[in-house]
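[1] Sharing a model prediction with you, sequence too.
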Amino acid sequence: MTDAAEIHVLYNAECPICSAEIGHYKAYAERRDLPIRFDDLNGPARAAWGLSGDEAARRLYVARDGTFHGGIDGFLILWRAMPRYRWLARIVGLPGLRPLAGLVYDKVLAPLIYRMHLRRKARARA
């Protein structure tokens, strides 16, 4: 990773859901010249993350100050860095809601999106 003040986001650009959501965040960050870099896990940038393609496809990863954060913790960092989404970070980050949001993301949403990713890859090979 490069600049310590910069936030790095690793996402799956081949996933329609991930691509749409992160594409929105990326456009927002670019319009406001925010120090956020978006790396597609399917490209050469993934090597700097030290994750296999399979590991990277299982959830969103965010790096800040040389530390990796996955799942909801990553989303919270990303949302806090974007003025329009700070309200969302405040709500999801509440002590009672943060663990619940993490559980829903880790046990329901991320596995569902990952299984969809595997099905897309299998269809592409067939």
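    That came in fine, so what should we check first?

[2] What residues does residue 38 make contact with?
    8, 9, 11, 22, 25, 26, 29 (CB atoms under 8 Å, 6 or more residues apart in numbering). Glycine gets a C-beta too; all of them are placed from N, C-alpha and C.

[3] List just the nearest of these to residue 94.
    residue 25 (21.4 Å; CB to CB).

[4] And the closest one, how far from residue 37?
    12 Å (CB to CB, to the nearest Å).

[5] one step back: what about the contacts of residue 38, which are in strands?
    Residues of these located in strands (DSSP state E): 8, 9, 11.

[6] out of the residues you listed, which is most surrounded?
    In terms of neighbours by other CB atoms under 10 Å, the ones in strands among the contacts of residue 38 top out with residue 11 at 25 neighbours.

[7] Once you drop chain neighbours, what's closest to it?
    Closest residue in space to residue 11, ignoring its immediate chain neighbours: residue 22 at 4.4 Å, by CB to CB, 6 or more residues apart in numbering.

[8] Also residue 86?
    Nearest in space to residue 86, with sequence neighbours left out and distances taken as CB to CB, 6+ apart, is residue 80 at 5.9 Å.

[9] My guess is the one you found contacts residue 91. True?
    No - Residue 80 is beyond contact range of residue 91, at 11.9 Å (criterion: CB atoms under 8 Å).

[10] Who has more neighbours out of these two?
    Taking neighbours as other CB under 10 Å, residue 80 and residue 91 compare with residue 80 leading, 16 against 12.

[11] Which stretches in the chain count as strands?
    Under DSSP E, the chain gives strands at 7-11, 36-40, 61-64, 67-70.

[12] coming back round to it: mind picking the one among the ones in strands among the contacts of residue 38 that's closest to residue 111?
    Residue 111 lies nearest to residue 11 out of those, by CB to CB, at 16.4 Å.

[13] and the closest one, bridged to which residues?
    Residue 11 has the following beta-bridge partners by DSSP bridges: residue 40.

[14] got a pLDDT number for it?
    For residue 11, the pLDDT comes out at 96.

[15] what residues are up against it?
    The neighbourhood of residue 11, defined by CB under 8 Å, 6+ apart, consists of 18, 19, 22, 38, 39, 40, 41, 60, 61.
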